[in-house]
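[1] Coordinates for the following, if possible.
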Amino acid sequence: MKIVFYNVTTANKIGGIEVYCWEMAKTLGNLGLEVDLVSGEGNFIKYSEVNRKLFPFKPREKFPDFGTRFRKLMERLSFFKNTKSYLKNSCYDVFLLFKPFDFVPAWFVKKWHPEVLTVFISGGEDFWWFDRYFLKSIDLIISVSKENAKIIKQRYKVEPLIIPNGVDVKKFRPLKKEGSVLKKKLGIFDKKVIISVGRIVGWKGYQLVIKALKRLPEEFVYVLIGEGPYLKNLQKLAEELEVKKRVFFLGSKFHDELPKYYSMGDVFVQPSIGHEAFGITVIEAMACGLPVVGSTSGGIKGLIKDDFNGCLFEIGNVSEFVEKIKRAFTQKKRLSKNARKFVEENFSWEKIAKIFIKTVINKKTNSHGLV
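    All right, here's what the predicted structure looks like:
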């Protein structure tokens, strides 16, 4: 059984899709399947043992600014232009794609190799003008959460399977010693540390944390790991609300470094005001033993069991957010224990990969007599 993960950003960016590709490719390989990653050229190689096929592409920033989705589409079409010959002459049993923009290459792959199983794994809403036209080239859609599945069903009138993202529970675990060292370096060893990890864009809602910090006692501080276009807005807000000295912007970190950074926190917060398809940082934080305070946005409310492994608050409600942060701190020991156990039981990559094999690979095998 030969599987290809087709995604332009796998080897040149760090994010939820990229983590999924690397971790699932590695895990499926360990379980005996033959796996290739087809990606745009880049230096981000998470696992050298995973077979990679890298091709040039034109970055989205080099296309005219007719909107973000236009640029993403053109970037992926430029990638397909360079992978076209390879895909035409390669025989895969399963073709995995992660954005509706790649319905176009899926359409061609299906035309060249009618027997291939094309699988769209959805973790967002990057729909575009003609994506429905190319939907006939997709055999199966997988959503990472019930909330994302609702959106997919509304858009494409099909019922997707639901298979969540996963986390490496051996790597992402409480690292108290390493976390303490980082807290000492920042001079916040005796503080109550609220932490977030993610791309710094407005819809992530990090501005709510800074507003909440203004209402919390002085011993509360906020550590934000990540980069993005909304960073300057947050820095300005922290200065305006006079909490600048209590907010620490640490920039982006390599994915393998994140466990020790999660471990420097006491409570993780995910205050998204836009739609979160899943929230992979939520389960990473839980795996590291942190209770999570999150908004009722999309897939987040499917991960946080209120007052069990964290606390939920209404989207955009700063007053409730403040109260839930306080509650998470007072119940930290119990919530932390439950958070770690919850992830171990439900979201290890091996467990997710075995579900994938059972529902996708076996489906292909039974339908076509492959082994």
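[2] contacting residues around stretch 200-219?
    The contact list for stretch 200-219 (C-beta atoms under 8 Å, 6 or more residues apart in numbering) reads 190-192, 194, 196, 198, 220-222, 224, 226-231, 233-234, 237-238, 241-243, 246-247, 269, 271-275, 295, 315-316, 318-319, 321-322, 325-326. C-beta here means a position set from N, CA and C on the backbone, and glycine is covered the same way.
[3] if you set the cut-off to 6 Å instead, what comes out?
    Outside stretch 200-219, the residues within contact range by C-beta atoms under 6 Å, 6 or more residues apart in numbering are 191-192, 196, 198, 222, 226-228, 230-231, 234, 237-238, 241, 243, 246, 269, 271-274, 318, 321-322.
[4] Give me the buried positions along it.
    Using 16 or more other C-beta atoms under 10 Å as the test for burial, stretch 200-219 gives 200-201, 204-213, 215-216.
[5] Among the contacts of stretch 200-219, which are located in helices?
    Taking DSSP state H, the ones among these that sit in helices are Leu231, Leu234, Leu237, Ala238, Val318, Phe321, Val322.
[6] of these, closest to Lys58?
    Top of the list for closeness to Lys58, among those and by C-beta to C-beta, is Leu231 at 26.2 Å.
[7] Pull the contacting residues for that closest one.
    Ile200.
[8] State the distance from it to Gln207.
    11 Å (C-beta to C-beta, to the nearest Å).
[9] Can you give me the buried ones in the helix ranked longest in the chain?
    Across the chain, the helix with the greatest residue count (assigned by DSSP H) is helix 68-88. Across helix 68-88, burial judged by 16+ other C-beta under 10 Å covers 69, 71-80, 82-83, 87.
[10] And it, what does it pack against?
    In terms of contacts (3 or more C-beta pairs under 6 Å, 6 or more residues apart in numbering; DSSP states H and E), helix 68-88 is packed against helix 103-112.
[11] at 10 Å instead, please
    Under the contact definition 3 or more C-beta pairs under 10 Å, 6 or more residues apart in numbering; DSSP states H and E, helix 68-88 sits against strand 2-6, strand 34-40, strand 51-55, helix 103-112.
[12] Output it as CSV, nothing but the C-alphas.
    What follows is helix 68-88 as a C-alpha-only set of coordinates in CSV (Å, rounded to 0.1, in the frame of the first residue of the first chain):
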residue,chain,number,x,y,z
THR,A,68,-5.4,35.8,0.3
ARG,A,69,-7.3,32.9,-1.2
PHE,A,70,-6.3,34.0,-4.8
ARG,A,71,-2.7,34.0,-3.7
LYS,A,72,-2.9,30.6,-2.0
LEU,A,73,-4.6,29.1,-5.1
MET,A,74,-1.9,30.5,-7.4
GLU,A,75,0.9,29.3,-5.1
ARG,A,76,-0.5,25.7,-5.2
LEU,A,77,-1.1,25.8,-8.9
SER,A,78,2.5,26.8,-9.4
PHE,A,79,3.4,23.8,-7.2
PHE,A,80,1.2,21.5,-9.3
LYS,A,81,2.8,22.7,-12.5
ASN,A,82,6.2,21.4,-11.2
THR,A,83,4.8,18.2,-9.7
LYS,A,84,2.5,17.3,-12.7
SER,A,85,5.0,15.1,-14.5
TYR,A,86,5.9,13.2,-11.3
LEU,A,87,2.3,12.6,-10.3
LYS,A,88,1.4,11.4,-13.8
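[13] For that helix, give the mean pLDDT please.
    Averaging pLDDT along helix 68-88 gives 97.
[14] Over the helix or strand following it, what's the mean pLDDT, rounded is fine.
    Next helix or strand after helix 68-88 toward the C-terminus (DSSP states H and E): strand 94-97. Taken as a whole, strand 94-97 carries a mean pLDDT of 97.
[15] now stretch 148-158
    Mean per-residue pLDDT for stretch 148-158: 95.
[16] Buried residues, that stretch. List them.
    Buried-residue list, stretch 148-158, by 16+ other C-beta under 10 Å: Asn148, Ala149, Ile151, Ile152, Arg155, Tyr156.
[17] now, which of those lie within helices?
    Using DSSP H, these in helices are Asn148, Ala149, Ile151, Ile152, Arg155, Tyr156.
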